[in-house]
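A.B. asks: Sharing a model prediction with you, sequence too.
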There are 2 protein chains.
Amino acid sequence: MTEQPAPTTTAGDPATARGEQTRQLIRDTAMRLFRERGYAQTTMRAIAQEAGVAVGNAYYYFGSKDHLIQEFYAQSQVEHRAAAQPVLDREESFGARLGGVLHAGIDVLTPSHEFAATFFKTAAEPTSPLSPFSAESSGPREAAIALFAEVLDGSTAKVDADLRPQLPELLWLAYMGVVLYWVHDRSPGQTKTRQLIDGVVPLIDRLTALSRLRVLRPVTRQVLDLIRTLRH
Amino acid sequence: MTEQPAPTTTAGDPATARGEQTRQLIRDTAMRLFRERGYAQTTMRAIAQEAGVAVGNAYYYFGSKDHLIQEFYAQSQVEHRAAAQPVLDREESFGARLGGVLHAGIDVLTPSHEFAATFFKTAAEPTSPLSPFSAESSGPREAAIALFAEVLDGSTAKVDADLRPQLPELLWLAYMGVVLYWVHDRSPGQTKTRQLIDGVVPLIDRLTALSRLRVLRPVTRQVLDLIRTLRH
DNA sequence: GTCGGTAGTTGAACGCGTTCAAGAGGAGCG
DNA sequence: CGCTCCTCTTGAACGCGTTCAACTACCGAC
């Protein structure tokens, strides 16, 4: 408000237009209210009022109330990546890296558990741009998959050569499963989800190791063939 | 309307009260409109108008628009059970029984693919009574699990003794996974889902058989322990 | 028969997400 | 300085799901 207009761009961001401040203001206000009151209890009118703009103005920047969720989604992914860094620096074994990264993901999401629960409803709709499988979410999704590629690449694990290129995406899928469980997890502090991670990580560790075993080779092939078939 | 009141009950149904006809009328009208126009495009006003009742009357029988979905859910389960009967009568091998029952489930759902897609959004919300894991859905859920128990019991399959009691619920869970894939399946006629079933059934078949193998015994135990831990 | 109570029914009203025609503000140009 | 154009902003209005106070119809009791 009292700030001078700043000649065309504020920082090194080339996308910064005139209304960029308003965009961020609305986004931040929305995120705060979502966390404070929950998704359903936060009205677009309340967001606009708290941000000091008109209702329609929010719709100039965000196509719908649901689109505000996508901001949360993208933001969480960035925080997840940052929270995972120490783990990736510290750990060498596949299991420790995977477990650490999964726990880091839940760490980041934990403050928003209640709110995230209601928003996953929207994310589950296939036609929604919010679906983690949708084209609109490809940015955060690929960043997440890349994170799991780092988990694998930096580890000492030995994996079946055919399985290896598919594994990062499968790990991401497993992470989505963990998040799905977490969303439904009613246990205090979501302890069960932590147990799920601690239980499923050695399992994945073991299975990836076993994938090189001769007896299981046909099964491994069967799985990989199926995945290739179902690829879009 | 022109029907005589019928002394307290119509048939052998003890729950048949005065308004039971209205209830069924509203439900059937809603189901029809959902299929014709989709969930979001069907308004409560339209349902009421087509059924020839007031809007508020629909809310006397169904707590919300979402609750109408639960009717669909329950109805689908009954149809699934009926469609599975021939398979259970005919097939003896575990794989054929499981595959047949999974295909039967998708068969039943297929006419409602578009509508079901939007309604799964609501089902995914943990707080919703529509969630397949919720207490309110326990009826259809347990019926579905019982169906998969029949798949197993009537088959010639030999399964690890510790795994066996858990398997029906796991198979139901796998079915939920298939349905989740089906909901997102954009391929014409949902062919990919059919491929998923055909691919995943021999896999499950193989894995259950392998569960008795000595090398895999520790893994089997690990999985079962985890499941027991995560049970509510 | 009539009278009370419950089950069933009504539709106007509320708050919500969303739309849109109208306007405000500033940059570039003559 | 005035004009134009484009970005940004406004708030009333729309249709939706949902609520609720009021009303009606019918059954059992007396």
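C.D. replies: On my side now, so go ahead.

A.B. asks: Skipping adjacent residues, who's closest to the most centrally placed residue in chain A in space?
C.D. replies: The residue lying closest to the centre of chain A (C-alpha atoms, centre = their mean) is A:Gln77, at 4.5 Å. If you skip the residues right next to it in sequence, A:Gln77 has A:Pro140 as its closest partner in space, 4.1 Å away by C-beta to C-beta, 6 or more residues apart in numbering or on different chains. For the C-beta atoms, the positions are set from N, CA and C on the backbone; glycine is no exception.

A.B. asks: which stretch of helix or strand covers that neighbour?
C.D. replies: Under the criterion of DSSP states H and E, A:Pro140 resides in helix A:138-153.

A.B. asks: Buried ones in that helix, by neighbour count?
C.D. replies: Taking 16 or more other C-beta atoms under 10 Å in any protein chain shown as the basis for neighbour counts, the residues of helix A:138-153 that come out buried are A:140-141, A:144-145, A:147-152.

A.B. asks: need the residues you listed in JSON lines with distance to B:Pro111 and pLDDT, can you?
C.D. replies: Compiled in JSON lines, those are given as follows (distance: C-beta to C-beta, whole Å; pLDDT from 0 to 100):
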{"residue": "A:Pro140", "distance to B:Pro111": "35", "pLDDT": "83"}
{"residue": "A:Arg141", "distance to B:Pro111": "32", "pLDDT": "88"}
{"residue": "A:Ala144", "distance to B:Pro111": "36", "pLDDT": "94"}
{"residue": "A:Ile145", "distance to B:Pro111": "35", "pLDDT": "96"}
{"residue": "A:Leu147", "distance to B:Pro111": "41", "pLDDT": "97"}
{"residue": "A:Phe148", "distance to B:Pro111": "38", "pLDDT": "97"}
{"residue": "A:Ala149", "distance to B:Pro111": "41", "pLDDT": "97"}
{"residue": "A:Glu150", "distance to B:Pro111": "45", "pLDDT": "97"}
{"residue": "A:Val151", "distance to B:Pro111": "43", "pLDDT": "97"}
{"residue": "A:Leu152", "distance to B:Pro111": "43", "pLDDT": "95"}
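
A.B. asks: From those, pick the one nearest DNA strand C.
C.D. replies: Of all the buried residues of helix A:138-153, the one with the least separation from DNA strand C (C-beta to the nearest atom of the strand) is A:Pro140, at 20.7 Å.

A.B. asks: Which stretches in chain A count as strands?
C.D. replies: Along chain A, no stretch is classed among the strands by DSSP state E.

A.B. asks: how about low-confidence regions in it?
C.D. replies: Applying pLDDT under 70 to chain A flags the ranges A:1-17, A:232.

A.B. asks: and it, which residues reach chain B?
C.D. replies: Residues of chain A lying close to chain B (C-beta under 8 Å from any C-beta of the partner chain) are A:117-118, A:120-128, A:131, A:133, A:181, A:183-184, A:186, A:192, A:195-196, A:199-200, A:202-203, A:206-207, A:210, A:213, A:215, A:219, A:222-223, A:225-226, A:229-230.

A.B. asks: nearest spatial neighbour of A:Leu210, skipping sequence neighbours?
C.D. replies: Taking C-beta to C-beta, 6+ apart, and ignoring the residues beside it in sequence, A:Leu210 has A:Leu216 as its nearest neighbour in space, at 5.5 Å.

A.B. asks: So what's the residue count around that neighbour?
C.D. replies: Counted by other C-beta atoms under 10 Å in any protein chain shown, the residues lying close to A:Leu216 total 20.

A.B. asks: and if you look at A:Lys192?
C.D. replies: Counted by other C-beta under 10 Å, the residues lying close to A:Lys192 total 19.

A.B. asks: for it, what are its contacts?
C.D. replies: By C-beta atoms under 8 Å, 6 or more residues apart in numbering or on different chains, the contact set of A:Lys192 is A:181, A:185, B:229-230.

A.B. asks: tell me which of these is nearest to B:Gln41?
C.D. replies: Distance ranking of the contacts of A:Lys192 against B:Gln41, using C-beta to C-beta, places A:Tyr181 first at 32.9 Å.

A.B. asks: Can you get me a residue count around the closest one?
C.D. replies: Other residues near A:Tyr181 come to 17 when the count uses other C-beta under 10 Å.

A.B. asks: Ok, A:Pro165 next?
C.D. replies: A:Pro165: 12 surrounding residues under other C-beta under 10 Å.

A.B. asks: roughly how far apart are it and A:Arg228?
C.D. replies: With distances taken as C-beta to C-beta, to the nearest Å, A:Pro165 is found 11 Å from A:Arg228.

A.B. asks: do the same with A:Ile26
C.D. replies: A:Ile26 sits 43 Å away from A:Arg228 when distances are taken as C-beta to C-beta.

A.B. asks: Can you name the residues of chain A sitting close to DNA strand D?
C.D. replies: Taking C-beta under 7 Å from any atom of the strand, the part of chain A that reaches DNA strand D is made up of A:17-20, A:22, A:53-57, A:59-61.

A.B. asks: could you flag which of those are buried?
C.D. replies: Among the residues of chain A next to DNA strand D, those that count as buried by neighbour count (16+ other C-beta under 10 Å) are A:22, A:53, A:57, A:61.

A.B. asks: OK, contacts around the nearest residue to A:Val159 once chain neighbours are set aside?
C.D. replies: Leaving aside its chain neighbours, A:Val159 sits nearest to A:Thr208 (5.3 Å; criterion: C-beta to C-beta, 6+ apart). Taking C-beta under 8 Å, 6+ apart as the contact definition, A:Thr208 lies against A:94, A:157, A:159-160, A:163, A:167.

A.B. asks: Please enumerate the helices of chain A.
C.D. replies: A:20-37, A:44-51, A:55-61, A:65-90, A:94-109, A:113-123, A:138-153, A:167-184, A:191-210, A:217-230 (DSSP state H).

A.B. asks: Redo the ones you listed as a markdown table? Include distance to B:Ala82.
C.D. replies: Below are these laid out as a markdown table (distance: least, C-beta to C-beta, whole Å):
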| stretch | distance to B:Ala82 |
| --- | --- |
| helix A:20-37 | 44 |
| helix A:44-51 | 45 |
| helix A:55-61 | 47 |
| helix A:65-90 | 38 |
| helix A:94-109 | 42 |
| helix A:113-123 | 31 |
| helix A:138-153 | 40 |
| helix A:167-184 | 30 |
| helix A:191-210 | 36 |
| helix A:217-230 | 29 |
